[in-house]
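Student: 3D model of this:
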Amino acid sequence: MQANEGNSFTGHIAGAIRAEMARQRMEFVQVASIIHVSRATAYRRINGEIPFDVTEIEAIGRHLGVTVDEIFASAELGAEIEARRVKSVAA
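Tutor: Next up is the predicted model:
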């Protein structure tokens, strides 16, 4: 998770999208084109500064060949891993 994401689920969604983008070697500028926003806005969404809306997640997922449910499942797993990491460090 990136530093500017905090512990929000928005950050985990962004992380799940970034992970799938990395697997498929997609650049953030492609995301800008897919969701019809500026490069700066796409960059802020991908880094978790601005949340994606469901329509954007669906469009990106369609382009990547994954479903919204799969992106959310990946984000939930990321949140669980982060929670375990924080808990183990605090112990």
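
Student: so what touches the lengthiest helix in the chain?
Tutor: In terms of residue count, the longest helix belonging to the chain (DSSP state H) is helix 68-90. Contacts made with helix 68-90 from outside it, assessed by CB atoms under 8 Å, 6 or more residues apart in numbering, are listed as 1, 7, 9, 12-13, 15-17, 19-20, 54, 57-58, 60-61. To be clear about C-beta, it is placed using only N, CA and C from the backbone, and glycine gets the same treatment.

Student: which residues are in contact with the spatially closest residue to residue 26 that is not a sequence neighbour?
Tutor: For residue 26, ignoring the flanking residues on the chain, the nearest one in space by CB to CB, 6 or more residues apart in numbering is residue 64 at 6.9 Å. Contacts here follow CB under 8 Å, 6+ apart; on that basis residue 64 touches 20-21, 24, 26.

Student: and the nearest residue to residue 14 once chain neighbours are set aside, which of the three is it?
Tutor: For residue 14, the nearest residue in space outside its immediate sequence neighbours is residue 48; the separation is 3.7 Å by CB to CB, 6+ apart. In the three-state summary, residue 48 is assigned as coil, counting by DSSP: H, G, I helix; E, B strand; the rest coil.
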